[in-house]
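Novice: Provided below for reference: sequence and predicted model.
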Amino acid sequence: MMGEFSEHLTSEVFADTIQKFWDEGAWLMPTGGDDGKRPLLSFSLNARHSSALVTQKLQEQNSQTYGIRLKGMLVLDIDVDDTKLIDEMRQRFGRTDFIVRTGRGFHLYYRTDKKLILNLRSENLPVDVKQGSNSFVLGPHSVRPDGVFYQFVGQSSSLSNLPSIRHEEKPIFNTVVSANNKAQTGTRHEFLMRKAGEYIQHVENENELLGNLLYDRDEYCTDPNTVPNSEVEKIANWWWDKRLKNEIYTKDNSEFKIKRQAYHRIRALPNGYVALDLYLYLRDKHGHILGKTFQISVNALQTSSGFAFGQKAMHTAIKQLLDLGYLTIHKNYQAGKHGRIFQLSTPVVVVRCEPN
């Protein structure tokens, strides 16, 4: 189960984890707020916050989340629950054993001495790259307010011996616009990987994909004779295998989850199909970012998003989601400024047991 809450995690274990990482030289940030990710201190550029200050701020806010600032580090943030992607990332960037399960996927930690140019989303991979002291990720043993537990799943729990990421930092061209703008030695493999990602949804078979890549190699790579056919064939085979397994991660070809309890509670409402349709729409549009705020325009939903229900039914559905706790008001209406601003939320459902 993703980010499963651990009832056995004690405050002592949480405090010991923070102290351990601080002793290893980590730059730590106490966090809190509704999503557990809001920094509670400013970002100092020249010095670490003391472990005592970090702990003090967490106690003041009754928070059990903290951030690890990525000074000298890089984290591959896998955004789906797919352990195969862990293997693929480690094969490509080097083996790391410092792996943390998050609310949506996994964090893979690496050491790096410089800012890398790396955009895996452009390759249709559901992986974000986070690096540098101005970035942070929630650390292991954090427990967010929604109960998600950040759990070690790797074989290492030490930041002091992270492996260096294996990646050659050179610019990759999104498109080739002239004969002089070619992928240089050291960037050609990633250039062809990116082009394959652009082609994969539109080709009929693997041979067509391979033919396109061979053409791009010959036309748009420097010294194409030093990129063997076997290398291009491996790229084509890798992407075609992903397509056959339905593992091409794009915006439209991905999943979002809702709890069965939410489905049954909303569907059981009077005209609940309206509220359920609205809830699914909001989860699709906004549920991928924890704590995201948004406005709801009934007119826009009716004219551009395919909602065929009347205005009264739509406003009733919004009220029903608010009453059940699956929607909350982040800010009320302010004349001349903005309408109501909402957030998705998860209600606490109390199950009462009658005494025997």
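Specialist: Nice, thanks for sending it over.
Novice: stretch 224-235: end-to-end distance?
Specialist: Start to finish, the residues bounding stretch 224-235 are 15 Å apart (C-alpha to C-alpha, to the nearest Å).
Novice: for stretch 321-328, measure first residue to last.
Specialist: Stretch 321-328 end-to-end distance (C-alpha to C-alpha) = 8 Å.
Novice: ok, for residue 243, nearest residue in space, not its chain neighbours?
Specialist: What sits nearest to residue 243 in space, not counting adjacent residues and going by C-beta to C-beta, 6 or more residues apart in numbering, is residue 200, at 5.5 Å. From N, CA and C alone the C-beta is placed, and that goes for glycine too.
Novice: what score does the residue nearest the centre of the chain have for pLDDT?
Specialist: What sits nearest the mean C-alpha location of the chain, by C-alpha atoms, centre = their mean, is residue 79, with 3.8 Å. With respect to pLDDT, residue 79 scores 90.
Novice: surely it touches residue 125?
Specialist: No: Residue 79 lies out of contact with residue 125 (C-beta atoms under 8 Å); the separation is 9.2 Å.
Novice: what element comes up after the strand of greatest length in the chain heading to the C-terminus?
Specialist: In terms of residue count, the longest strand belonging to the chain (DSSP state E) is strand 65-78. Downstream of strand 65-78, the first helix or strand assigned by DSSP states H and E is helix 83-93.
Novice: now that next one: buried residues?
Specialist: Within helix 83-93, the residues that count as buried by 16 or more other C-beta atoms under 10 Å are 85-86, 88-90, 93.
Novice: could you do stretch 271-278 as well?
Specialist: So, applying 16+ other C-beta under 10 Å, buried residues of stretch 271-278: 272, 274-278.
Novice: near residue 76, how many other residues are there?
Specialist: 27 (other C-beta atoms under 10 Å).
Novice: repeat that for residue 31.
Specialist: Residues near residue 31, counting by other C-beta under 10 Å, number 26.
Novice: ok, now the one 4 residues further on?
Specialist: In terms of burial, residue 35 registers 19 neighbours under the definition other C-beta under 10 Å.
Novice: can I see the domain layout of this structure?
Specialist: Following the assignment in automatic domain parsing, the chain carries domains at 11-152, 170-250, 260-344.
Novice: any low-confidence regions in the protein?
Specialist: Within the chain, the stretches with pLDDT under 70 are 1-10, 168-180, 249-256, 288-290, 334-338, 348-356.
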